[in-house]
Every structure is written in structure tokens, then in C-alpha cells.
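Participant: Dropping a prediction and its sequence here:
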Amino acid sequence: MSGPKILETISVQKCFGGTQGVYRHESAETGCAMRFGLFLPPQAERGKVPLLYWLSGLTCTEENFVVKAGVQRVAAELGIAIAVPDTSPRGLGYPGEDDAYDFGSGAGFYVDATEAPWHHGYRMYSYVTKELPALIGEKFPVDPARVGIFGHSMGGHGALTIALKNPASYKSLSAFSPIVSPMRCPWGEKALTGYLGADRATWRDYDATALIEARGWQGPPILVDQGDADPFLERELKPELLREACAAKGVSLDLRMREGYDHSYFFIASFIEDHLRFHAKYL
Ligand SMILES: N[C@@H](CCC(=O)N[C@@H](CS)C(=O)NCC(=O)O)C(=O)O
């Protein structure tokens, strides 16, 4: 991973005075070409800007958030860049990688897999925390000292676990409808068994509630929005488990239950501005 990194531009389009780009590069972590979206606000023409990572949920590519969330207008106003990685490696050819929506392609769960064959390329934790930031930092005018992270569902789990494990690297943290305890829901149990194996002790390193119990969080309050009409609320998401873990450790959590909202990008688009203004306070 030394030497100049090569970045291919798929598209760059002017948007609210800034640019919405989509880029592709060969990833050493995942062993395949990876795409990501990057919105640069107009302020990036004059100097380095803060950067917010968005991690998407199951079935998503880098495109869903870029086209559906409506993030660009307020990001342009606040002068924040938004990076949107894909949710898994693509086309590695592992048996079964495209068979299910909740495992394999589109479902990397932001872990570094240890089980064969997934351990070769399913390294989304290292990709998101190390390789992609190094690439973006080399190619774009972003300030590595002002970085936050947020995400949705599986990506909410990714944002929580990544920030909790790397508090020096992420100044602000929020999530929409996160999977708060993958050890205790069907999506998470399937993914962690497949990527990490049957020993549940190893899963704790990728479970936001277990990480809060183990490490706490000294950063600013954690903001979570959750629709109460979300069909995955009780079986998969279980925000009460996060509330309990935060209460036990004295971690400040602003959990907002939103009446009538579901799990979709219509819900995300409705509250994206709140999240951007929240992050802007700390970046
Ligand atoms: N397709 C799945 C649900 C997957 C789902 O809701 N994915 C969310 C993230 S967990 C999403 O963002 N989907 C893409 C989109 O809405 O654009 C199902 O059939 O149950």
C-alpha cells in the first residue's frame, strides 16, 4: 500500500455549488475495485474541509445515499465533505457471495472477516478505517483532524462500532435505525457467524453495546434517530439495548423515536439535516 494511489473518476457533477463525485480504485484490503461517492462543498475550493463518512445498510452500494438522502444542500451550506463507501467487496467469486441480501455482496457488516474464504477480501473494517481515509486524504482537500461518521441500519452498526473503537479518529457519531447489537439479532448472528466463526467471544469487538460496556465513549453525545414504524425495529434493531448500555456506562445518548417513520430513505431524508447540523457542531 505504498506509492501513489490511483483513482479513477466515474463522474463529477456540480451540485449546490460543490461537486458530487463517484470514484473507483483498486483496494488492497478487499482485493477488488471499490467505488465510493464523495461530495465536496464549495468551501473545499479554498482549503481543507471537515469530512463525514456515511455507511450504508444492507443491499446498498455507494449510490443509494448519494441519490436518495438529499444530503448535498445542507452539506454545501455547512462546508462538510461526505464520503460514501460501498457496503462490501464485489465480484470476488466466493461460493454463495451473491445468494442472500444479508450476507456477502452488499452486506460486509464493516468487519474484518476471519473465516475462509471471506477473510481474504471481506475486510470492510480496515477498508473504511484505514485504506479509504488514506486515499481520500491524499487526493482531496479534507482535514483529517475533523472527521465524523454516521450510517444507517447495518451502516449504523458500522458507524457506532468504528467510532467506539477509534475515538481519537472520529469527533462525532450518529446513526439512523442502527443494528445496535448484532450478537443479539438474526441479521447479526448470521453475518458474524459467517465472517468471524461460531466463537461468540470474538463478536464482542463488533457489537456496539458490548463495546460501550467495555470502553465507554468520551466523545460528544451519540445521536440516534429511529422510526417507530420500522418493520425491523423489534427483531433486528432493538434500540433499547443501546439505551441500556449507555445508561449503565454514563454515555450520553440522544435517541429520538420518530412516530410513523419506517426504515427507508424517506425517513433518512426527513432527518438528514438534523444529523448534519449535529455533526457540524463538533467538526
Ligand atoms: N431488502 C431487504 C431490506 C433491505 C433494506 O431495507 N435495506 C436498507 C438498509 S438495511 C436500504 O437502505 N435499502 C436500500 C434503499 O432503500 O435504497 C428486505 O427485503 O428485507
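Facilitator: Sure, I can see it. Residues are numbered from 1 along each chain as shown.
Participant: Output the longest helix belonging to this protein.
Facilitator: Of all segments of type helix in the chain, defined using DSSP state H, the longest is helix 265-282.
Participant: Counting neighbours, what do you get for whichever residue of the chain sits closest to the ligand?
Facilitator: The chain approaches the ligand most closely through Gly57 (2.5 Å), counting by C-beta to the nearest ligand atom. C-beta: built from backbone N, CA, C; applies to glycine. Here the number of neighbours of Gly57 (other C-beta atoms under 10 Å) works out to 27.
Participant: List the contacts of the residue nearest to it when sequence neighbours are not counted.
Facilitator: Closest residue to Gly57 apart from its sequence neighbours, by C-beta to C-beta, 6 or more residues apart in numbering: Ser153 at 3.3 Å. Neighbour list for Ser153: Gly57, Leu58, Phe176, Ser177, Pro178, Ile179, Phe232, Leu237, His263 [criterion: C-beta atoms under 8 Å, 6 or more residues apart in numbering].
Participant: And the pLDDT for Ser153?
Facilitator: On pLDDT, Ser153 comes in at 98.
Participant: Could I have the CA atoms of the lengthiest strand in the chain written out in PDB?
Facilitator: Longest strand in the chain by number of residues (criterion: DSSP state E): strand 142-152. Extracted as PDB, the C-alpha positions of strand 142-152 are listed here (Å, rounded to 0.1, in the frame of the first residue of the first chain):
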ATOM      1  CA  VAL A 142     -10.200  17.200   3.600                       C
ATOM      2  CA  ASP A 143      -9.000  17.800   7.100                       C
ATOM      3  CA  PRO A 144      -8.000  14.500   8.800                       C
ATOM      4  CA  ALA A 145      -8.400  16.200  12.200                       C
ATOM      5  CA  ARG A 146     -12.100  16.900  11.600                       C
ATOM      6  CA  VAL A 147     -13.800  13.600  10.800                       C
ATOM      7  CA  GLY A 148     -17.200  12.300  11.900                       C
ATOM      8  CA  ILE A 149     -19.100   9.200  11.000                       C
ATOM      9  CA  PHE A 150     -22.800   8.200  10.600                       C
ATOM     10  CA  GLY A 151     -24.800   5.500   8.900                       C
ATOM     11  CA  HIS A 152     -28.000   3.500   8.600                       C
END
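Participant: Which positions in that strand come out as buried?
Facilitator: Val142, Arg146, Val147, Gly148, Ile149, Phe150, Gly151, His152 (16 or more other C-beta atoms under 10 Å).
Participant: quick revisit: tell me who's in contact with the residue of the chain closest to the ligand.
Facilitator: Taking C-beta under 8 Å, 6+ apart as the definition, contacts of Gly57 comprise Thr87, Gly151, His152, Ser153, Met154, Gly155, Gly156, Ser177.
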